[in-house]
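S.K.: Just need the structure, nothing else, for what follows:
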Amino acid sequence: MQRVTNCILVVEDRILLIKKPKRGWYAIPGGKMERGETVKEAVVREFWEETGLRIETCALKGVFTFVVSDKMQSEQEWMMFTFVSNTYNGVLAEHCNEGELEWVPVDAIKTLPMAEGDRKIFEHVLTTDTMLFGSFYYTVDYELQGMRLDPSRQ
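M.R.: Numbering: from 1, shown residues only. As a prediction, the model looks like this:
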């Protein structure tokens with residue numbers, strides 16, 4: 001099972017996101033953990049590699065399992081550790097290999113194109129301080145088929 005980390009950086013009512021070229025969806029900066037890394041080491045490294053920014057303090061706000069399956073193909077499964085930060089240092093990178101970096105107003109999150117599971121994660125993180133655990137089930141075309149969240153969000 002692949003392990004990934006990401007960080008929602010919220011500064012002055014804006015969030016730093018990456019607009020991915022394949023679908024035009026917005027995503028949270030982050031990526032795959034390397035062997036032997038802690039989740040905190042991985043999120044700091046991945047965030048810096050993608051954005052050029054070093055997050056100074058961060059708090060783990062969610063742990064999620066993602067399952068992508070198709071009736072004819074084998075399943076992909078990975079775990080994601082989502083952090084939140086409000087502080088950073090450095091200068092935003094002019095280029096990101098993963099897509100276009102963009103500061104987005106917090107209130108725009110509800111309407112931006114993104115994976116529906118990510119929308120649920122933002123909804124939780126931006127409205128509560130509690131930890132969120134969940135599983136998201138997608139088709140190979142990333143259509144959300146179902147989810148389980150603890151604590152439950154309606």
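S.K.: neighbouring contacts of stretch 128-147?
M.R.: When contacts are defined by C-beta atoms under 8 Å, 6 or more residues apart in numbering, stretch 128-147 is touched by residues 23, 60-70, 73, 115-117, 120-121, 124-125, 148-151, 153. Yep, even glycine has a C-beta here, placed from its N, CA and C like the rest.
S.K.: again, but for stretch 81-98
M.R.: 3-11, 16, 18, 20, 27-29, 31, 39-40, 42-43, 48, 50-64, 101, 121, 125.
S.K.: Now the buried members of the contacts of stretch 128-147.
M.R.: With neighbours counted by 16 or more other C-beta atoms under 10 Å, the contacts of stretch 128-147 contain buried members at 61-62, 64, 66, 68, 115, 117, 120-121, 124-125, 149.
S.K.: hey, where'd the strands end up in the protein?
M.R.: Secondary structure of the chain (DSSP state E): strands located at 2-11, 14-19, 26-27, 30-32, 53-55, 59-70, 73-85, 88-90, 100-105, 132-138, 144-150.
S.K.: Adding distance to residue 111 and mean pLDDT, write those strands out as JSON lines.
M.R.: Formatted as JSON lines, the strands of the chain follow (distance: least, C-beta to C-beta, whole Å; pLDDT from 0 to 100):
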{"stretch": "strand 2-11", "distance to residue 111": "17", "mean pLDDT": "97"}
{"stretch": "strand 14-19", "distance to residue 111": "13", "mean pLDDT": "98"}
{"stretch": "strand 26-27", "distance to residue 111": "10", "mean pLDDT": "97"}
{"stretch": "strand 30-32", "distance to residue 111": "22", "mean pLDDT": "96"}
{"stretch": "strand 53-55", "distance to residue 111": "25", "mean pLDDT": "97"}
{"stretch": "strand 59-70", "distance to residue 111": "22", "mean pLDDT": "94"}
{"stretch": "strand 73-85", "distance to residue 111": "21", "mean pLDDT": "91"}
{"stretch": "strand 88-90", "distance to residue 111": "25", "mean pLDDT": "96"}
{"stretch": "strand 100-105", "distance to residue 111": "10", "mean pLDDT": "97"}
{"stretch": "strand 132-138", "distance to residue 111": "20", "mean pLDDT": "96"}
{"stretch": "strand 144-150", "distance to residue 111": "17", "mean pLDDT": "94"}
